[in-house]
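Novice: What follows is a protein structure lacking sequence information:
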């Protein structure tokens, strides 16, 4: 299983590397959603993979790899194990880093780097197939620089500042109000925007991590995901540029000159952020070649880790078989 802050994926893999079933569900990160909700998402994804494979419990799957940020705490693991038992599955549950799963989704190499930016953000250095160093991944309160939350938070702040009259004008204000379903453009008795007051009440009622949904507004206003020909919004462009710089800095914190290998990018933000791959290459100098691999998610990597935990060598042939069979079942 590859359980992230936004979505959860499960793959059922045989020891040849062929994927037999693939299932998906909502966010499965216990830090973002709590152990109970995360376990429900994992259970739903696993049930989907079993259904696609035409299998039902009781079933001994040998090794269960749980690739999840924050998923290694005992309460979280207990919730996950209970969810799997409810599906009739038995096997050794092994927690793994979601960043390591991302790395393994992009290469069979045992050495290199992974940079993930989705709801959260972090980077790792991989040596001998294991995580040798990590940076960030500290959550929405203390870190996750350049992540979906980081961008969404700045979108909300910029939109509010503009509506309040002390920040630069930006189309992010109108986009945020539209996203929240707020249309009132009047003024309160104190002269403050009614729309701003309603937006503030709405945003403070939600969970902080939910601000990540507004990252899409920055891409839209900056012209990355829009084809309407409008001039890119300078505030949105700046937010995305700052996100890119922070992600490069996080990756730089784990880079070492003597560890050469691919840089695997994962997460919805890292995949879409303009110029990120070029910025990574520039950060190590023009005299060194950097192979940047972009992956859709860590599902393939979770399968790779499960195979390795089962004592199966994942060479290029096994890896390619896993990649192609997962793609066919998505």
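Specialist: In hand now; what should we look at? Fair warning: this is a prediction, and the values are worked out from it, not measured in the lab. Numbering: from 1, shown residues only.
Novice: in the stretch 101-250 of the chain, which ranges drop under the pLDDT threshold?
Specialist: Of all residues in the stretch 101-250 of the chain, those with pLDDT under 70 make up the ranges 226-229.
Novice: Would you map the helices across the stretch 151-300 of the chain?
Specialist: Ranges of helices within the stretch 151-300 of the chain are 172-180, 194-205, 215-221, 234-252, 268-272, 276-283, 299-309, based on DSSP state H, counting those that start in this stretch.
Novice: looking at those, which is closest to residue 317?
Specialist: Checking these against residue 317 by CB to CB gives helix 299-309 as the closest, at 12.3 Å. Backbone N, C-alpha and C define where each C-beta goes, glycine included.
Novice: Does the very next helix or strand once past that closest one pack against any helices or strands, and if so which?
Specialist: Downstream of helix 299-309, the first helix or strand assigned by DSSP states H and E is helix 316-329. Packing partners of helix 316-329 (3 or more CB pairs under 8 Å, 6 or more residues apart in numbering; DSSP states H and E): strand 19-26, helix 299-309.
Novice: For helix 316-329, give me every contacting residue.
Specialist: Contacting residues not belonging to helix 316-329 are listed as 11, 13, 16-19, 21-22, 52, 107-108, 299-300, 303-304, 307, 312, 314 [CB atoms under 8 Å, 6 or more residues apart in numbering].
Novice: swap the cut-off to 7 Å and go again
Specialist: By CB atoms under 7 Å, 6 or more residues apart in numbering, the surrounding residues in contact with helix 316-329 are 11, 13, 16-19, 21-22, 52, 108, 299-300, 303-304.
Novice: For ChimeraX, what selects the buried ones among the residues you listed?
Specialist: Burial among the contacts of helix 316-329 is assessed by 16 or more other CB atoms under 10 Å; the matching ChimeraX selection reads:
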select :11,13,17,18,19,21,22,52,108,299,300,303,304
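Novice: Farthest-apart pair in the contacts of helix 316-329, please.
Specialist: Using CB to CB, the pair of these lying farthest apart is 52 and 108, separated by 24.7 Å.
Novice: what residue is smack in the middle of this protein?
Specialist: residue 118 (3.1 Å; CA atoms, centre = their mean).
Novice: Ramachandran angles for the closest residue to that one other than its chain neighbours?
Specialist: Taking CB to CB, 6 or more residues apart in numbering, and ignoring the residues beside it in sequence, residue 118 has residue 267 as its nearest neighbour in space, at 3.3 Å. Dihedral pair for residue 267: phi 100, psi 150, per degrees, to the nearest 10.
Novice: Hmm, residue 267 is touching residue 120, no?
Specialist: No: here residue 267 does not reach residue 120: they are 8.2 Å apart, not a contact under CB atoms under 7 Å.
Novice: Appreciated, that's everything.
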